[in-house]
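Colleague: With the input below, show me the fold.
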Amino acid sequence: MVRNMCLAVPGLVKSIDGEYAEVDFGGVRKRVCVTLLPELQVGEYVIVHTGYAIERLRADEAKKTLDLFEQMAQLAERNAQGA
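Modeller: Below you'll find the model as predicted:
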């Protein structure tokens, strides 16, 4: 049985305008609803699901996750070149 799963990628809040923020996901910026996270600040990391920021992340945890994604991308690229 194949199951789908949602992959949560940390995003960095670049600006906030009312109920929406511009969030950077590794160079791709998206408009995200932030009403579920009152008092969110520019410079914080968030997890986004279906257009809503649903959780704050500490910067060290976000960076650890982003580093792991980078390592996986590098391994995938090496494997693709060797195939």
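Colleague: Going by C-alpha atoms from here, please, whenever you check contacts or count neighbours.
Modeller: OK.
Colleague: where does this protein have low pLDDT?
Modeller: Of all residues in the chain, those with pLDDT under 70 make up the ranges 1-6, 83.
Colleague: how near is the residue nearest the centre of it to Thr65?
Modeller: When the chain is reduced to its mean C-alpha position, the nearest residue by C-alpha atoms, centre = their mean turns out to be Pro10, at 2.4 Å. Applying C-alpha to C-alpha, to the nearest Å, the value for Pro10 to Thr65 is 8 Å.
Colleague: Sheet-wise, list the partners of the helix or strand where Ile16 lies with their directions.
Modeller: Under DSSP states H and E, the secondary-structure element containing Ile16 is strand 10-17. Partner strands for strand 10-17, per DSSP bridges, with pairing direction: strand 20-25 (antiparallel), strand 45-49 (antiparallel).
Colleague: The first one: which residues count as buried?
Modeller: Neighbour counts using 16 or more other C-alpha atoms under 10 Å place Tyr20, Ala21, Glu22, Val23, Asp24 of strand 20-25 among the buried residues.
Colleague: doesn't Val13 make contact with Ile47?
Modeller: No: distance between Ile47 and Val13: 10.3 Å, which falls outside the contact criterion (C-alpha atoms under 8 Å).
Colleague: So if I had to pick from those two, which one is more boxed in?
Modeller: In this view Ile47 and Val13 are compared by other C-alpha atoms under 10 Å, and Val13 has more residues nearby, 23 against 19.
Colleague: and that one, what does it touch?
Modeller: Under the criterion of C-alpha atoms under 8 Å, 6 or more residues apart in numbering, the contact list for Val13 reads Ala21, Glu22, Val23, Asp24, Gln41, Val42, Gly43, Glu44, Tyr45, Val46.
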